[in-house]
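Visitor: Sequence first, predicted coordinates after that:
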Amino acid sequence: MKTAEEHKTGGITKYFVVYLAILVIAGLQIVIAYQNIDPSQMIFRMFALAAIQAGLAIMFFMHLWTEKRVLMLTLAFATIFVITTMNMIWTDSFRLLGGVPFAKYQ
Amino acid sequence: MHDMSHATEHHAHTPPQGFIRNYVFSLDHKVIGKQYYGLGLVAVITGMVLSWIMRIHLVWPNFAIPGLGLLSKAGAPGGIVTPEYYLQLMTMHGTLMVFFVLTNVPFAGFGNYFLPIQIGAEDMAFPRFNMMSFWTTFVAFLVLIAAFFVGDGPPLAGWTSYAPLSAVGGAAGPGEATGQTLWAISIAIFCIGQLLGSLNFISTTLDLRTKGMTLWRMPLSTWSWFITSCIGLTAFAVLLPACILLILDRTAGTSFFIPSGLVINDKLQPHSGGSTLLWQHLFWFFGHPEVYIAIVPAMGIVSHILINSMRRPMLSHRVIIYSLLAIGFLSYMVYGHHMFVSGMNPFSSLAFSFPTLLITIPSTVLVLIWIGSLYGSKLRITTASLFALGFISMFVSGGVSGFFLAQPSLDIYLHATYFVVGHFHMVMGVAAIFGMFAGTYFWFPKMFGRMMNETLGRVHFWLTFVGTYCIFMPFHYLGLAANVRRYSAFVDDYLQPLLGVHKFITIAALFTGAVQLIFLYNLIHSRFRGALAPANPWEATSLEWTMPSPPPFDNFGGRHPVVYHDPYQYGIEGATNDYVMQDSPEEIKSVRDER
Amino acid sequence: MSHANVSIATPQPVGVMESSPFSIPSKKLVMWLFIVSDAVTFTAVLFAYGYLRNATPNWPHPFRFSPSIINVMVMTFILVTSSFTMLLGVRAAKEGNKSKAILWTFVTVAAGLVFALLHIREWMGLIGEGVRLFQNPWGSGLFGASFFSVTGLHLLHVIGGVAVLTVVALGYKRGRYNSDDLEIWGLYWHFVDLVWMFVVPFVYLLNITRAS
């Protein structure tokens, strides 16, 4: 907790850099959005950049980086675990176009 | 916000004045626990009566059930259940039992009452949240029950509310207009109540443990409530948006769960593009963890009680906790085994089958520890311990059929039959109910300051135990004989030879249900006329037994207990009794636990 | 409230409680847990949207650079900036500079309001173009359903955050709430910002109108 307090009262520069970084990444996403690339590549890049943005916000704006490491690990593990297991839904998304199997879709 | 900031005000050492603040909008975790228990009791009686009506209708289709015609003129004209009304009763039976009994009593009810006491806290971390979570749940209950009295009655889509039946509205059948909307609203509200409760349970367990109560020193019941609340925190978070999307489909014309070109009663539905499987994915992503929300607290309660009766700790305290944790994690990876026959990608069936079989490992470890610890112990037979043993029996009998259902090739044959009905009623329904009975007989003296009648209790146990086996075991055979479930009448030729079995089940169900009157009588009679309970009638070690029965308003009378030992110091040589309480500073010569 | 971090009111003598494994006040822990839970809720809604979008061949791509994407850029800028001003407010509160903390919090509230208004204006524009929950002029009707559900859920969080931050800031001014409360609701506000970081690429940028 002590380190957290120190960081909070410490330089504002770091947070301003984080702020700018998040904005730059947001701009980068728009650049990527107008590239002509494969949709799966597009989604991957979008997700990677959004994850970096979110990570910056969680670690610095929300000070998770300076909390006890066990809090960060617990929260990150719980959230990532649940979200990862939810990914099983995609298998059906790819084989049911318009809610019906490929073969029958018109 | 308002509520969080006032978390501090509860800490008056005198109880609040007035009936309303004391018993209705009470902030006291003990009152809230009893409220959950009472709500569960109302729900379980309602749900059981519904199952009676269904069973009677199945074997005596022309028997007019008195009064039912008044409840629903369209659904049961003259007291005779229509096929649609049968499904409506089934939906309400499932919803009431799963949400308002199996989730409410072992987790929210006993958990609220005993979790703070067992860790040495004066109350939950956020008493106002706690009160809100109960009253939210209560509102959800009222909204659900209201479905009986609106339009053409409650929904008929089953407690899983599969789309598109649940999503297209009145065209899908009776109850699918207003009734189904009420169902979705009720469950959404229920989710909010459970989320509030889970937040409270987790923060209480982590933050309000008294001096010496390390995480490993928490009793197994506390561990199970803690693990359950962690599951609930993320599981209900998925059901909530799923219900909201369902409500949008029903009221705002969206088509999340309704596919293109759906024709109902020769009418093309004005929806397009949705996916019925999406609902199932979202629902079961909640639904499977929900099974463990029901059963994990019962496992903890049963372990807690058995140790007390065996007068020695389990073979391994930690392995039980690790197994419960493993079950909690695996519960997120297996939900697809409910969807083997719903048109899910066949390849994902394989991916879901494997972790489903894997989850039998921690379950088996638990059972082996229970049985291994029981082996050679001088068991003190009480009603509570009998029900705990009954739980193990039910869990094993119901669990073994899980091996069959976990394999897609077998499940495809068995899924739509009574085999599944038998399986989940035993392993989740009756097992968890036995956990509740065990908890009730064990903790009643603490909750109400009076002992329950042991003789009546044992009669209740043996009749219930035999009765439930008579009901649910034959279901498995019916399933193997391809008796389809969800049918309101058996008119096909191949089902005729099975009608005798159905009659037997119905009689067993009526009998077992009637036996519960013994329990109700015992509960009410003992509440007022039972022998006064001493502080520690079972010679138990955990903190709830260090205070008078019933506990004073602030639990420990303003004192902060200090914990010196692991929770289960039984069979200690050289101790004054054969046990040492958790807060006793007594030196222990032989520490039996592995640490 | 200002006298206790833990949620039991009477100041505890040292050492009567086991310390929390995370060494943060209960209220902050609850907010973190709520954020985990809410993150799962948003994931479920975004997954539902992705599932349907992926399975729908005639998914519309209605967002033109002007005005839609420019509007989104402005909204992102405002929300990220409001997150930053929230951070400044919490820092000031931790330093004991009450008036500065309240000022920055109200700047955050104002930014949140502007964000909500821009969002509603965008909604009105789309509705004006014929987008409904069940149909739109360009393709699958699921577009409107998903778009309004995802952004609507987020908008509800923004409006809720604006309301709560107003209450907390006013309460903080009167001494009813302390800097911890401001910090905790700051966490919530950052989370709302964080969700937007996923909504923008997946709901807007994957559905832009292309020249081809």
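Guide: Nice, I can see it.

Visitor: And for residue 65, the neighbour number?
Guide: This is for chain A. When neighbours are counted by other Cβ atoms under 10 Å in any protein chain shown, residue A:65 registers 15. All C-beta atoms are positioned from the backbone trio N, CA, C, and that covers glycine.

Visitor: Can you look at chain B instead?
Guide: 17.

Visitor: Now it. Nearest residue, chain neighbours left out?
Guide: Leaving aside its sequence neighbours, residue B:65 sits nearest to residue B:79 (Cβ to Cβ, 6 or more residues apart in numbering or on different chains; 4.6 Å).

Visitor: Wait, that neighbour touches residue B:64, no?
Guide: Yes: in this structure residue B:79 lies within contact range of residue B:64 using Cβ atoms under 8 Å: 3.5 Å.

Visitor: any idea how far the residue nearest to residue B:65 lies from chain A?
Guide: With distances taken as Cβ to the nearest Cβ, to the nearest Å, residue B:79 is found 41 Å from chain A.

Visitor: Who are the contact partners of that residue?
Guide: Neighbouring residues of residue B:79 by Cβ atoms under 8 Å, 6 or more residues apart in numbering or on different chains: B:64-69.

Visitor: so what secondary structure elements neighbour the longest helix seen in chain C?
Guide: Counting by DSSP state H, the longest helix found in chain C is helix C:142-174. On a contact count with 3 or more Cβ pairs under 8 Å, 6 or more residues apart in numbering or on different chains; DSSP states H and E, helix C:142-174 meets helix B:220-251, helix C:26-54, helix C:70-94, helix C:98-128, helix C:179-199.

Visitor: how about the ones you listed in CSV, adding distance to residue B:197?
Guide: Below are those laid out as CSV (distance: least, Cβ to Cβ, whole Å):
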stretch, distance to residue B:197
helix B:220-251, 7
helix C:26-54, 12
helix C:70-94, 29
helix C:98-128, 29
helix C:179-199, 20
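
Visitor: Same list (those) but as CSV, adding distance to residue C:167 and mean pLDDT.
Guide: Output for the helices and strands packed on helix C:142-174, formatted as CSV (distance: least, Cβ to Cβ, whole Å; pLDDT from 0 to 100):
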stretch, distance to residue C:167, mean pLDDT
helix B:220-251, 24, 96
helix C:26-54, 15, 96
helix C:70-94, 14, 96
helix C:98-128, 10, 97
helix C:179-199, 9, 96
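
Visitor: before we move on, back to that, can you state the direction angle for the longest helix of chain C and helix C:26-54?
Guide: 170 degrees (axes from the mean of the first three to the mean of the last three Cα atoms, to 10 degrees).

Visitor: Check the offset of helix C:142-174 from the chain's centre.
Guide: Offset of helix C:142-174 from its chain centre (Cα atoms, centre = their mean, to the nearest Å): 6 Å.

Visitor: Can you mark which positions in it are buried?
Guide: C:142-155, C:157-159, C:161-162, C:164-169, C:171-172 (16 or more other Cβ atoms under 10 Å in any protein chain shown).

Visitor: secondary structure class for the residue most central in space within chain B?
Guide: Centroid check for chain B by Cα atoms, centre = their mean gives residue B:102 as the closest residue, at 1.6 Å. Here residue B:102 is helix, with the state taken from DSSP: H, G, I helix; E, B strand; the rest coil.

Visitor: What residue spans form the domains of chain A?
Guide: A:1-67, A:69-106 (automatic domain parsing).

Visitor: Where among those domains is average confidence lowest?
Guide: Mean pLDDT per stretch puts domain A:69-106 lowest among those, at a mean of 83.

Visitor: just checking, residue C:139 touches residue C:60?
Guide: Yes: contact criterion Cβ under 8 Å: residue C:139 and residue C:60 qualify, at 3.8 Å.

Visitor: No further questions, thank you.
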